[in-house]
Each structure stands twice: as C-alpha cells, then as structure tokens.
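In: using only what follows, build the 3D model:
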Amino acid sequence: MEDAAIKVENLFASYRKNTVLSDVNLAVESGSLTGIVGPNGAGKSTLLKSMLNLHPSLTGSVAFFGHPFKKMKKKIGYVPQRGSVDWDFPTDALDVVTMGLYGHIGWLRRPSRFHKEKAYEALEKMGMKDYAKRQISQLSGGQQQRVFLARALIQDAELYFMDEPLAGVDAATEHAIMTTLKELKTLGKTVMVVHHDLQTVAEYFDHVLLLNQTVIEHGPTNQTFTKDNISRTYGGNMRWMREEDHDVVPSVKQ
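Out: Numbers count the residues shown, from 1 in each chain. From the prediction side, this is the model:
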C-alpha cells in the first residue's frame, strides 16, 4: 500500500528473552478505524509500544506517512492502558489534558489562557468539563479514560493509538469514546485501538487486525473478521454462541 498511514516491516520484539512479536508486517490505510484483537499475550500492547518507541524492537522498521516516529511524534496521539498510569500523581483533570499541548508549546513555557480554553473544550467534548479541577485520583475509571482521551484529542493529531480504551468503563463512557473515535475517522484521522470484546468488533471498526504474536489477518472488517480467521487467531480458546438461527457470535473462554 503506497499511501499507507502506517507501515510496519519485519518487526520483532521480546520481553526478557521471550519473543512477543515475530515478523510483523502491516500496512494501515489512511483514514481507517482499526481494531486490534487477539488472545492474552498476543502482543497487542507491545505492538503499539514498539511502533511508538516505548518498547525496544529487536529488528524491523516502522514508518508513519513514510517518516520515522521521531519526525512524526507531534502528529501522533496515544492513550495508554489505565493500569499503566500512576493515578495518584497530584494533578487535576485540566492539567492532564493541557499536557497534551506541551509538544506544541514546549515543556518550559507556561500554558496560556488560550491553551487552557482549548483544554476546557476537549474536556467538554468528553462530558468532563465539570470535573476540570478534580484530582484524577478522585475520578472513576470511566472518567479517567475520558480525560486521557481528551488529552489525546487536544493534540489534533493525524494518528491515534489507543490501548484498550473501553476496558472496564461503563456503557455511557463506551458510547462516548466510540462516538469520538468514529468522528476522528470521519475527519480523515487514522485510529488504531487495542480491543478485547469480539462481539462489538463488526459494529465499531471498519478494519480489523487479528494478531497472535504475528499478523494472522488484516483488512476490512466485513472481509477479515470471519469465523475461520478468528479461530486461527484464538485456537482452542474459542467458543461460538448462536444469537439467532443464522448468526454466530464469537466469545473467548476465560
């Protein structure tokens, strides 16, 4: 794909001598909303971190619109897993969102009134303006996730990477997040999301990446998210729940 927003070639990565990613090759279409799914330990989070230079890769290359991460980092927004964030850090929601602008204003400069107004706008979009001065440790899990998404939005990036943004959130937050991600796609942004609920993949994403240490399949959801490909990805961890006479919904055995 010549005009790929993201191109990954021959990527290998490991944790403590254990290979987590093996020969990952991937080209992501610009303006797509891609769900990354696979079993536990498949390397989904490691793939995002390796692409964003947050985890070292053993070999391989990653390009964003044909350029390395260092050149494109100001155009990339990232929302990490909630479990990887120190929520006890003494700061409020407004400051967390404003941090998303530091790549533009510099870490040594104080945010201006204009920057604060942009942060308030991002919080308002995520339904969190009334919590702007609330310490992040005092927010619920869903509220914390909305704040971090607001921080990513304020960057006005071209590429967004989200690591399980829907994990452990309430239905209202899930709806708000997916509405926002679909709006980003409509604006031509490219979004990749680590996702765990197979039953919502077809509804939420126009592209899907099936990953189990390497790429099993990747492409438009209506062509790629098939029973055969899902079974190849999850192996013996799959069961199939019949919703209607002709509809089969995948689920993962715990």
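
In: okay, Thr19: pLDDT?
Out: On pLDDT, Thr19 comes in at 89.

In: ok, now Gly235?
Out: 84.

In: tell me how many other residues crowd it.
Out: Counted with other C-beta atoms under 10 Å, residues neighbouring Gly235 total 9. All C-beta atoms are positioned from the backbone trio N, CA, C, and that covers glycine.

In: contact partners of stretch 195-208?
Out: Here stretch 195-208 makes contact (C-beta atoms under 8 Å, 6 or more residues apart in numbering) with 28-29, 32-37, 164, 166-167, 178, 181, 185, 193, 217-222, 224-225, 230, 249-252.

In: only whichever of the residues you listed are buried, select them in PyMOL.
Out: Buried residues within the contacts of stretch 195-208, by 16 or more other C-beta atoms under 10 Å, are selected in PyMOL with:
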select buried, resi 28+29+32+33+34+35+36+37+164+166+167+178+181+185+193+217+218+221+224+225+230+250+252
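
In: return the subset of the contacts of stretch 195-208 lying in helices.
Out: Secondary structure from DSSP state H places Met178, Leu181, Lys185, Thr221, Asn222, Thr224, Ile230 of the contacts of stretch 195-208 in helices.

In: could you count how many residues lie near the residue lying closest to Ser32 once chain neighbours are set aside?
Out: Excluding its sequence neighbours, the residue lying closest to Ser32 (C-beta to C-beta, 6 or more residues apart in numbering) is His207, at 4.7 Å. His207: 23 surrounding residues under other C-beta under 10 Å.

In: from Asn10, how far out is Ile76?
Out: 21 Å (C-beta to C-beta, to the nearest Å).

In: have a look at those two and say which one is more surrounded.
Out: Higher neighbour count among Ile76 and Asn10: Ile76, with 20 against 13, using other C-beta under 10 Å.

In: quick one: residues contacting the more buried one.
Out: Ile76 is in contact with Leu52, Phe64, Phe69, Gln155, Ala157, Glu158, Leu159, Tyr160, Phe161, counting by C-beta under 8 Å, 6+ apart.

In: can I get those in CSV with neighbour count?
Out: Listed next are those as CSV, based on neighbours: other C-beta atoms under 10 Å:
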residue, neighbour count
Leu52, 17
Phe64, 22
Phe69, 14
Gln155, 20
Ala157, 22
Glu158, 20
Leu159, 23
Tyr160, 24
Phe161, 24
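
In: which of those fall in strands?
Out: Phe64, Leu159, Tyr160, Phe161 (DSSP state E).

In: what is the neighbour count of the closest residue to Tyr15 other than its chain neighbours?
Out: Leaving aside its sequence neighbours, Tyr15 sits nearest to Thr46 (C-beta to C-beta, 6+ apart; 7.4 Å). Neighbour count of Thr46, defined by other C-beta under 10 Å: 22.

In: which SS state does Thr46 fall under?
Out: helix (DSSP: H, G, I helix; E, B strand; the rest coil).

In: is it true that it touches Val20?
Out: Yes: counting by C-beta atoms under 8 Å, Thr46 touches Val20, with 4.8 Å between them.

In: what's the pLDDT at Asp197?
Out: In this prediction Asp197 is given a pLDDT of 93.
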